[in-house]
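Engineer: For reference, the sequence and a predicted model appear below.
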Amino acid sequence: KAGVTQTPRYLIKTRGQQVTLSCSPISGHRSVSWYQQTPGQGLQFLFEYFSETQRNKGNFPGRFSGRQFSNSRSEMNVSTLELGDSALYLCASSVRTVNTEAFFGQGTRLTVV
Amino acid sequence: GESVGLHLPTLSVQEGDNSIINCAYSNSASDYFIWYKQESGKGPQFIIDIRSNMDKRQGQRVTVLLNKTVKHLSLQIAATQPGDSAVYFCAENAGGTSYGKLTFGQGTILTVHP
């Protein structure tokens, strides 16, 4: 079956702009989590959605937001982009929220200039 | 100023050797642990998981050991192959209200020489 799909794969944005990233989970998976990966901080949890509800949020400013649709697809939005937001944004899906395998997509590489 | 990147531990082995990658986790309440492999340009790929009520679990060519006393996790790869070269991450989940949240270690770079 198809894996986790993230679009777009690459993005270049200018400081101050906003961006929306998309994630389509594996069919049947209702939990979607987002992570930011940078060389300086490693992999950091952003937030997690289950059945269209945000269940948990990491330590990121309010410029980072997300949502989940009834078909479990998820989007994350970053407003007022800063240079430090340049990162690989990864989405992971799982059947339920805890103690289950989380499968990652290939990520969206965001570059802020 | 310029950010300083994480200095990842590295492990260099010869093809056919066994590899052991170690991870110290932080939360004694964590009850689920996963090892991921990440190749360049790809997202993390699930390798094996273990629950806190176990101390060992085996998969194909991989074994995970969990020592809750010292909060230590290890991944053993048997007969390491060049295709195993990647960055390996351990991750923990505390369960309870930590819905879907995995806390990742810094990663270890494994290089396998033919």
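Structural biologist: Arrived safely. Numbering: from 1, shown residues only, chains lettered A, B, ... in the order given.
Engineer: Given the least confident helix or strand in chain A by mean pLDDT, what are its sheet partners and their directions?
Structural biologist: Within chain A, judged by mean pLDDT, DSSP states H and E, the helix or strand with the poorest mean is strand A:53-57; its value is a mean of 91. Counting by DSSP bridges, the strands paired with strand A:53-57 are strand A:42-50 (antiparallel).
Engineer: Give the buried residues for the strand it pairs with.
Structural biologist: Neighbour counts over strand A:42-50 (16 or more other CB atoms under 10 Å in any protein chain shown) mark A:42-50 as buried. All C-beta spots, glycine's among them, are computed from the backbone N, C-alpha and C.
Engineer: mind putting the residues you listed in TSV, pLDDT included?
Structural biologist: Below are the buried residues of strand A:42-50 laid out as TSV (pLDDT from 0 to 100):
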residue	pLDDT
A:Gly42	92
A:Leu43	95
A:Gln44	96
A:Phe45	95
A:Leu46	97
A:Phe47	93
A:Glu48	93
A:Tyr49	93
A:Phe50	91
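Engineer: okay, among these, which ones form the most distant pair?
Structural biologist: Across the buried residues of strand A:42-50, no pair lies farther apart than A:Gly42 and A:Phe50, at 24.4 Å, counting by CB to CB.
Engineer: Can you pull up the most central residue in the chain?
Structural biologist: By default, I'm working from chain A. Most central in chain A under CA atoms, centre = their mean is A:Trp34, positioned 3.3 Å from the mean C-alpha point.
Engineer: my bad, chain B
Structural biologist: B:Cys90 (3.3 Å).
Engineer: is it true that that one touches B:Thr103?
Structural biologist: No: using CB atoms under 8 Å, B:Cys90 is not in contact with B:Thr103; the gap is 9.4 Å.
Engineer: Now list whatever residues contact both of the two.
Structural biologist: Common neighbours of B:Cys90 and B:Thr103, using CB atoms under 8 Å, 6 or more residues apart in numbering or on different chains, are B:Tyr25.
Engineer: residues in contact with the nearest residue to A:Arg73 once chain neighbours are set aside?
Structural biologist: Nearest residue to A:Arg73, sequence neighbours excluded (CB to CB, 6 or more residues apart in numbering or on different chains): A:Ser24, at 5.1 Å. Residues near A:Ser24 by CB under 8 Å, 6+ apart: A:4-7, A:73.
Engineer: one more time with 10 Å, if that's ok
Structural biologist: The contact partners of A:Ser24, by CB atoms under 10 Å, 6 or more residues apart in numbering or on different chains, come to A:2-7, A:32, A:69, A:71-74, A:91, A:93, A:105.
Engineer: Just the buried subset of those, please.
Structural biologist: Buried among those by 16+ other CB under 10 Å: A:4, A:6, A:32, A:72-74, A:91, A:93, A:105.
Engineer: Which ones among those residues lie within helices?
Structural biologist: Assigned to helices by DSSP state H, none of those qualify.
Engineer: So which of these sit within strands?
Structural biologist: A:6, A:32, A:74, A:91, A:93 (DSSP state E).
Engineer: Let me have those residues in CSV, extended by pLDDT.
Structural biologist: Below are these laid out as CSV (pLDDT from 0 to 100):
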residue, pLDDT
A:Gln6, 98
A:Val32, 94
A:Ser74, 98
A:Cys91, 97
A:Ser93, 94
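Engineer: Could you restrict those residues to the ones contacting chain B?
Structural biologist: By CB under 10 Å from any CB of the partner chain, the members of these lying near chain B are A:6, A:32, A:91, A:93.
Engineer: what's the closest non-adjacent residue to the second one?
Structural biologist: Spatially, and ignoring its direct neighbours in sequence, A:Val32 is nearest to A:Ser74 (4.1 Å; CB to CB, 6+ apart).
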